[in-house]
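Participant: 3D, please:
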Amino acid sequence: MDYETLRIIWWVLIGVLLIGFAVTDGFDLGVGALLRIIGHTDSERRVMINTIGPHWDGNQVWFITAGGALFAAYPLIYAASFSGFYFALLITLAALWMRPVGFDYRSKIDSPRWRNNWDWAIFASGIVPSLIFGVALGNLFLGVPLNYDVMLRPSYDGGLLGLLRPFALLAGLVSVSMLLMHGAVWLQMKTDGFIYRRSVNTAVILGIATTVMFGVAGIWVGQLDGYHLSSVMDHNGPSNPLNKTVELVEGGWLSNYHEYPLMVLAPILGLVSPLLVAFLSVKGRAGWAFTASSLAISGIILTTGFSLFPFLMPSSTQLNASLTVWDATSSETTLMIMFGVACVFVPLILLYTAWGYWVMRGRVTEKDIAADSHQLY
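Facilitator: Coordinates of the predicted model:
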């Protein structure tokens, strides 16, 4: 395989890892954010937590793997994002820390106030990362203040508040609605009684909301100035972000759909699947609703990747410094070694993840919680 092919492969693999994280850990985040909305009693909230208790830490593997792969395959992206979005990522990590701590400590003391405080912490651990992930992706369409000097030393001129732009906030709301919908569908598969019925109603509302907001975001993207490579790039050349010319084009983020018409399947999937979630939830087809929810997440993430391609992190202050698939990667040797490692370990992750879900299949009920004094959460 040549360098160009390896770059495309790793662009695809990073997308697969992000989708894997969103589909698996997404329902964990969704259930956490819905804890105070769907769970009305302590017993109901314990049921909700125990539906994700056996899986959440395994699902985090996708997140860790995606971060590690980004570091190794796209070091320039890793450096720029983790420095430029530093405070946003710090808030995200702080919120994610609340999840395992909340799970482990909320039931240690039989005090309503104690458990109520930890429930709010778990809620924050679900809603905050969901919002920030969406805001971060939304900012990519607007460009971030990333610069490189002649020695290829990066600098980032923005701050946390600079990320809170209207379109980025809409993207954050799409992310929140999408992941909470996913969590509600998961609860349909894993619970019964009042929790199940509230989950159905919640999934219907969020399914419709996700489609509407994603549609509005799509129309908005069409009005934005998109980035366009106006110079010829050597796809097998060394990674040098300054070795190209970039210009802004009105509606440029939609150009890939004209050049590659099949890409339009991604936004169609993102628009239709949430409505299928609502329909299937009403019909009591929880398993199919979960499949539709997973397709909705995949469609929305793929739409982001397809629209931006070949850009990964556009710069708003130095257009030519925008990072792309062709100039932000590691060496050809590094990508090749990583590809061999991925061929071995990604299937292993899929196998043990599937095995874990199979072993822990079935519904969790309030009777189960009451009957088992050794219930962890």
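
Participant: where do the helices of this protein begin and end?
Facilitator: For the chain, the helices defined by DSSP state H occupy 3-38, 42-52, 56-73, 75-84, 86-105, 112-142, 166-190, 193-223, 255-259, 265-282, 286-308, 332-359, 366-371.

Participant: just how off-centre is the fifth one within its chain?
Facilitator: The chain centroid and the centroid of helix 86-105 are separated by 16 Å under C-alpha atoms, centre = their mean, to the nearest Å.

Participant: what's the answer for the last one, then?
Facilitator: For helix 366-371, the separation from the chain centroid amounts to 33 Å (computed by C-alpha atoms, centre = their mean).

Participant: contacts for it?
Facilitator: 43-44, 46-47, 50, 193, 375 (C-beta atoms under 8 Å, 6 or more residues apart in numbering). Heads up, the C-betas are built off the backbone N, CA and C, glycines and all.

Participant: please repeat the previous calculation with a cut-off of 7 Å.
Facilitator: Outside helix 366-371, the residues that touch it by C-beta atoms under 7 Å, 6 or more residues apart in numbering are 43-44, 46-47, 50, 375.

Participant: for the record, mean pLDDT for it?
Facilitator: What helix 366-371 shows for mean pLDDT is 74.

Participant: start at 290 instead
Facilitator: Sure, I'll start numbering at 290, so the last one becomes helix 655-660.

Participant: in it, what's buried?
Facilitator: 655, 658 (16 or more other C-beta atoms under 10 Å).

Participant: ditto for the fifth one
Facilitator: Neighbour counts using 16+ other C-beta under 10 Å place 377-378, 380-381, 384-385, 387-388, 391-392 of helix 375-394 among the buried residues.

Participant: okay, the helices of the chain in CSV with distance to residue 612 next?
Facilitator: Below are the helices of the chain laid out as CSV (distance: least, C-beta to C-beta, whole Å):
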stretch, distance to residue 612
helix 292-327, 12
helix 331-341, 35
helix 345-362, 12
helix 364-373, 6
helix 375-394, 17
helix 401-431, 10
helix 455-479, 18
helix 482-512, 19
helix 544-548, 17
helix 554-571, 22
helix 575-597, 11
helix 621-648, 16
helix 655-660, 49
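
Participant: residue 529: which of those helices is closest?
Facilitator: helix 364-373 (10.0 Å; C-beta to C-beta).

Participant: between helix 375-394 and the closest one, find me the angle.
Facilitator: 80 degrees (axes from the mean of the first three to the mean of the last three C-alpha atoms, to 10 degrees).

Participant: in helix 364-373, what's buried?
Facilitator: 364-367, 369-370, 373.

Participant: need the contact partners of that helix.
Facilitator: 359-360, 378, 433, 435, 443, 445, 447, 528, 530, 601-602, 612, 617, 619.

Participant: what is the nearest of those residues to residue 325?
Facilitator: Using C-beta to C-beta, these come closest to residue 325 at residue 378, 25.1 Å.

Participant: count the residues that sit near residue 552.
Facilitator: Residues lying near residue 552 (other C-beta atoms under 10 Å) number 17.

Participant: how far away is it from residue 430?
Facilitator: When distance is defined by C-beta to C-beta, to the nearest Å, residue 552 is 16 Å away from residue 430.

Participant: before we move on, what about residue 492?
Facilitator: Distance from residue 492 to residue 430, by C-beta to C-beta: 28 Å.

Participant: the two: which has the busier surroundings?
Facilitator: More neighbours surround residue 492 than the other of residue 492 and residue 430, with 31 against 23 (other C-beta under 10 Å).

Participant: correct me, but the more buried one touches residue 475?
Facilitator: No: using C-beta atoms under 7 Å, residue 492 makes no contact with residue 475, being 9.6 Å away.

Participant: with pLDDT added, can I get the buried residues of helix 375-394 in CSV?
Facilitator: Shown next, in CSV, are the buried residues of helix 375-394 (pLDDT from 0 to 100):
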residue, pLDDT
377, 89
378, 88
380, 93
381, 91
384, 91
385, 89
387, 89
388, 88
391, 89
392, 87
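
Participant: pLDDT weak spots in this protein?
Facilitator: 661-666 (pLDDT under 70).

Participant: what about residue 650, how many residues close to it?
Facilitator: 9.

Participant: now the one 4 residues further on
Facilitator: Burial of residue 654 is recorded as 18 neighbouring residues (other C-beta under 10 Å).

Participant: now the closest residue to it other than its chain neighbours: phi and psi?
Facilitator: Residue nearest to residue 654 in three dimensions, not counting chain neighbours: residue 481, with 5.8 Å by C-beta to C-beta, 6 or more residues apart in numbering. When read as degrees, to the nearest 10, the backbone of residue 481 gives phi -140, psi -170.

Participant: please report how far residue 481 lies from residue 657.
Facilitator: Counting by C-beta to C-beta, the gap from residue 481 to residue 657 is 10 Å.

Participant: residue 518: which of the helices of the chain is closest?
Facilitator: The nearest among the helices of the chain, by C-beta to C-beta, is helix 544-548 at 10.4 Å.

Participant: mind listing what's buried in that closest one?
Facilitator: 545-546.

Participant: can you list the neighbours in contact with that helix?
Facilitator: So helix 544-548 is contacted by 515, 517, 552-553, 595-596, 598 (C-beta under 7 Å, 6+ apart).

Participant: what about 10 Å?
Facilitator: If you take C-beta atoms under 10 Å, 6 or more residues apart in numbering as the criterion, helix 544-548 is touched by 515-517, 538, 552-553, 555-556, 592, 594-599.

Participant: closest one of these to residue 469?
Facilitator: Comparing these against residue 469 with C-beta to C-beta picks out residue 592 as the nearest, at 19.2 Å.

Participant: OK, contacts around that closest one?
Facilitator: 503, 506-507, 510, 546, 552-560.

Participant: with residue 514 instead?
Facilitator: Contacts of residue 514 by C-beta under 10 Å, 6+ apart are 430-432, 536-542.
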